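# Just a sequence and a predicted model for now, questions to come.
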Amino acid sequence: MTGSGGPAPSVPPAASVSSVSLVAFTAVATLTLLLCVLTGPDRDDLDAFYTGYGSLSPLRNGLAIAGDYISAAGVLGTGGVIALCGYDGVVLALSTALSLMLLMFLLAEPLRNAGRFTMGDALARRMPGRSVRIAACAVTVAALLPLMLVQLAGAGQLMAFVLGFSNESVRTCCVIGLGALMISYAAIGGMKGTALIQILKIVMLLGSGTAVALLILHRFAWDPGALLAAAARGSGAGPAYLHSGLQFGAGPAPRLDMISSELTIVLGGACLPHVTMRMYAAADARQVRRSMSWAVSGVALFVPILSVVGFGATALVGRAAITAADPQGNTAYLLGSRAAFGTHVSAAGTLLFTTVTTALFLTLLASVAGMILACANSLAHDVLAGRGRQLTARREMRLARVCALATGVPTVLLATLVQHHSLQPLATLSFCLGASALAPALVYGLFWRRYTRAGLLCTLVGGTLTVLVLMPGTNLVSGTPGAAFPHADLNWFPFTTTGIVSIPAGFLLGWLGTVASGRRGAAEQRRQYEAVESRILAGTNRRGT
């Protein structure tokens, strides 16, 4: 059965869906908070809080990595791009899977060997010093804060869409309440508690998504060609929907803009701190390899699911209905899930749609909890615990939990302020910082023997500043109807992301900083690297340091 670009088919009665969804959301929130309490570490057990003792099996750790990696912004945002831009959206989804493969083959084992708790540990392994740890912490917070704002603001939008309310005060209260819940997850559960939430989230997301994708394919007589043809008709773009260029066609250099965006996603997604911190939870090199294999498999499975649901939304609902619900298409995944049931929806269909919305709700909770934990760990371990005399394990644990609160509360307040603007620039900013500052620092720091402390600081600080200078000039911030400030015109940098300039700048600044250190500084850093090279590359004697 083929779809059209007409009005959306009938859906379960609004009151019924809202009440069932509310009960499901409440039950999931209660269950996950109870899991965090039951699995939370003792007050003086740092290894349990920061890494969960490496006690998770490769399967569970791999699912947790996939859960951290697939954020709500990825599900809703990428699903929207697929629904509205077709081919370009699928390339975007494939880039996210490629990014995790880059982490698996290049960085996962050295990261696990070099670090203990945080990104600062990994970078300071060969370059000890507070300046390195403080810079690593600053970039960690700068990279994750925008993404946390996207998730929290999206939580209010999701609740409004599913539960059927439009009152702005109620939406703000939802953001605040959910933010408090996410802070509790991070502060109480630590690494192991948040891992269990991530596992539950990815299982629900993959299970419900697979069921919806199969329903959509069934409606098109199991013919993917018929689905794509109907999606092209419903998109209003015709054959261009199934070819490259629809997403970036309005810019002066669409091909270069697409390359810049994909490169930013591939490099940035692999290096975001809330994902890399999961490497420290593996017990040894063999386990980190097996964990990453499961993580890549989970993400690779979700790409075709997301593609089918995105195309199904356009085929069954149409572009006009998708953009009417949200101009960026962030509700396309939910609209496609609703439309998959057709005009007559059974109780089983209502239950499945509730499972889809609950999986997205849990995705929001789990994603932000992981990011808050990464920021709190870095603040406590890299910055505050290193001042003066060494803290006891109990005091550092208490400090980490306070840092979770100190990170989460301002984030929640900022999310209430940005929820009425386009959130795409914030998500893009996080990936740009990951690709332009963290990726060069990790590649150089883990593999280049001559790399110096000055080079590392130039990479982290210079890459970050380059992104922050260029980002306000992109077409995501102003100059286009879907920008954060559509009525302003500050669009002097004609690209969607900063990666085409900021990524080479990050690598170049690291090289220049190293060269400027002189031969003596480079030789000393080379000796320091050789002293820990076997640990970084082979993992000898990692634990207990």
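Structure's in. What do you need?
# contacts and neighbour counts: CA atoms only from here.
Fine.
# Dihedrals phi and psi, the most centrally placed residue in the chain?
Per Cα atoms, centre = their mean, the C-alpha nearest to the average position across the chain is that of Ser71, at 4.5 Å. Phi and psi for Ser71, reported as degrees, to the nearest 10, are phi -90, psi 170.
# Count the residues that sit near the residue lying closest to it once chain neighbours are set aside.
The spatial neighbour of Ser71 that comes closest, neighbours along the chain excluded (Cα to Cα, 6 or more residues apart in numbering), is Ser367 at 5.6 Å. Using other Cα atoms under 10 Å, Ser367 has 27 other residues around it.
# and what of the one 3 residues further on?
Close neighbours of Gly370, defined as other Cα under 10 Å, add up to 32.
# so it makes contact with Tyr69?
No. Under the criterion of Cα atoms under 8 Å, Gly370 makes no contact with Tyr69, lying 9.8 Å away.
# so where is the chain shaky, pLDDT-wise?
Along the chain, segments meeting pLDDT under 70 span 1-17, 41-45, 52-55, 166, 249-251, 343-346, 386-390, 481-482, 521-522, 538-545.
# Following element in sequence after the helix ranked longest in it, please.
Residue-count comparison of every helix in the chain, with assignments taken from DSSP state H, identifies helix 130-163 as the longest. Secondary structure here is assigned by DSSP states H and E; on that basis, the next helix or strand after helix 130-163 toward the C-terminus is helix 168-184.
# Can you name every helix or strand that that following helix contacts?
Contacts of helix 168-184 with other secondary structure elements, assessed using 3 or more Cα pairs under 8 Å, 6 or more residues apart in numbering; DSSP states H and E, are made with helix 14-39, helix 130-163, helix 347-378, helix 393-418.
# Just tell me which of the ones you listed ends up closest to Met204.
Each of the helices and strands packed on helix 168-184 was checked against Met204 via Cα to Cα, and the shortest separation belongs to helix 347-378, namely 5.5 Å.
# now the angle between helix 393-418 and the closest one, please.
120 degrees (axes from the mean of the first three to the mean of the last three Cα atoms, to 10 degrees).
# Any buried residues in helix 347-378, and which?
When burial is assessed from 16 or more other Cα atoms under 10 Å, helix 347-378 yields the following buried residues: 349-350, 352-378.
# so Phe248, which of the three states?
In the three-state summary, Phe248 is assigned as coil, counting by DSSP: H, G, I helix; E, B strand; the rest coil.
# Now do the nearest residue to it once chain neighbours are set aside: how many residues are near it, please.
In space, Phe248 comes closest to Pro254 once its chain neighbours are excluded; the distance is 4.9 Å by Cα to Cα, 6+ apart. Per other Cα under 10 Å, the neighbour tally for Pro254 reads 19.
# for Leu509, same thing?
The burial count for Leu509: 23, using other Cα under 10 Å.
# Check Phe105 too.
Residues lying near Phe105 (other Cα under 10 Å) number 12.
# element containing Ala283?
Here Ala283, judged by DSSP H and E, is contained in no helix and no strand.
# Which elements pack onto whichever strand or helix holds Leu306?
In this structure, Leu306 is located in helix 285-316 according to DSSP H and E. Counting by 3+ Cα pairs under 8 Å, 6+ apart, the packing neighbours recorded for helix 285-316 are helix 58-69, helix 79-85, helix 87-102, helix 108-114, helix 190-219, helix 224-235, helix 332-339.
# what's in contact with the second one?
Yep, that's helix 79-85 we're talking about. For helix 79-85, contacts defined as Cα atoms under 8 Å, 6 or more residues apart in numbering pick out 88-90, 235, 241, 246-247, 306-307, 309-314, 319, 328-333.
# Repeat the analysis, applying 6 Å as the threshold.
Outside helix 79-85, the residues that touch it by Cα atoms under 6 Å, 6 or more residues apart in numbering are Gly89, Val90, Leu246, Gln247, Gly310, Phe311, Thr314, Gly329, Asn330, Ala332, Tyr333.
# Could you do the third one as well?
Outside of helix 87-102, the residues that reach it under the criterion Cα under 6 Å, 6+ apart are Val81, Ile82, Leu242, His243, Ser244, Val266, Gly269, Ala270, Val299, Ala300, Val303.
# Would you list the buried entries among those?
The neighbour count (16+ other Cα under 10 Å) marks Val81, Ile82, Leu242, Ser244, Val266, Gly269, Ala270, Val299, Ala300, Val303 as buried among the contacts of helix 87-102.
# Okay, strands next: where are they in the stretch 401-545 of the chain?
Listed in chain order, the strands found in the stretch 401-545 of the chain under DSSP state E, counting those that start in this stretch amount to none.
# Tell me where it has helices.
424-433, 439-447, 453-457, 463-470, 499-516, 518-538 (DSSP state H, counting those that start in this stretch).
# can you put these in JSON lines and add distance to His487?
Shown next, in JSON lines, are those (distance: least, Cα to Cα, whole Å):
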{"stretch": "helix 424-433", "distance to His487": "15"}
{"stretch": "helix 439-447", "distance to His487": "34"}
{"stretch": "helix 453-457", "distance to His487": "37"}
{"stretch": "helix 463-470", "distance to His487": "19"}
{"stretch": "helix 499-516", "distance to His487": "25"}
{"stretch": "helix 518-538", "distance to His487": "49"}
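# quick one, which of these is nearest to Leu158?
Evaluated over the helices of the stretch 401-545 of the chain, closeness to Leu158 peaks at helix 424-433, with 15.8 Å, by Cα to Cα.
# Show me what the closest one is packed against.
Identification of packing neighbours for helix 424-433 by 3 or more Cα pairs under 6 Å, 6 or more residues apart in numbering; DSSP states H and E yields helix 130-163.
# Helix 14-39 and the helix it packs on, what's the angle between them?
Helix 130-163 and helix 14-39 are oriented at 150 degrees to each other (the same axes, to 10 degrees).
# and helix 130-163, which residues are buried?
131-163.
# swap in stretch 231-240?
Ala231, Ala232, Arg233, Gly234, Ser235, Gly236, Ala237.
# Report the distance from it to the chain centre.
Chain-centre distance of stretch 231-240: 29 Å, with Cα atoms, centre = their mean, to the nearest Å.
# Look at Arg278 and say how many residues are nearby.
As a burial measure, Arg278 scores 31 neighbours (other Cα under 10 Å).
# again, but for Leu468
Leu468: 16 surrounding residues under other Cα under 10 Å.
# now Ala531
Neighbour count for Ala531, taken as other Cα under 10 Å: 12.
# contacting residues around it?
With the criterion set at Cα under 6 Å, 6+ apart, Ala531 makes contact with nothing.
# Tell me how far it lies from Arg126.
Plainly put, Ala531 is 8 Å away from Arg126 if you go by Cα to Cα, to the nearest Å.
# Need the distance between the two termini of stretch 382-396.
Distance across stretch 382-396, first residue to last, is 11 Å (Cα to Cα).
# quick one: contacts for Ala348?
The neighbourhood of Ala348, defined by Cα under 6 Å, 6+ apart, contains no residues.
# now do Gln528
Residues touching Gln528, when contacts are defined by Cα under 6 Å, 6+ apart, comprise Arg126.
# Hmm, Ala143 is touching Ser430, no?
Yes. Counting by Cα atoms under 6 Å, Ser430 is a contact partner of Ala143 at 4.6 Å.
# send the alpha carbons of stretch 239-253 over as PDB?
As requested, the backbone C-alpha atoms of stretch 239-253 are provided in PDB (Å, rounded to 0.1, in the frame of the first residue of the first chain):
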ATOM      1  CA  PRO A 239      13.400  13.200  -8.000                       C
ATOM      2  CA  ALA A 240      15.800  15.700  -6.300                       C
ATOM      3  CA  TYR A 241      14.600  14.200  -3.000                       C
ATOM      4  CA  LEU A 242      16.500  11.000  -3.800                       C
ATOM      5  CA  HIS A 243      19.700  12.700  -4.900                       C
ATOM      6  CA  SER A 244      22.400  14.700  -3.200                       C
ATOM      7  CA  GLY A 245      22.100  18.500  -2.700                       C
ATOM      8  CA  LEU A 246      18.700  19.100  -1.300                       C
ATOM      9  CA  GLN A 247      19.800  20.000   2.200                       C
ATOM     10  CA  PHE A 248      22.700  22.300   1.200                       C
ATOM     11  CA  GLY A 249      21.400  23.500  -2.200                       C
ATOM     12  CA  ALA A 250      20.700  27.100  -1.000                       C
ATOM     13  CA  GLY A 251      24.300  27.900  -0.200                       C
ATOM     14  CA  PRO A 252      27.000  29.200  -2.500                       C
ATOM     15  CA  ALA A 253      29.100  26.000  -2.300                       C
END
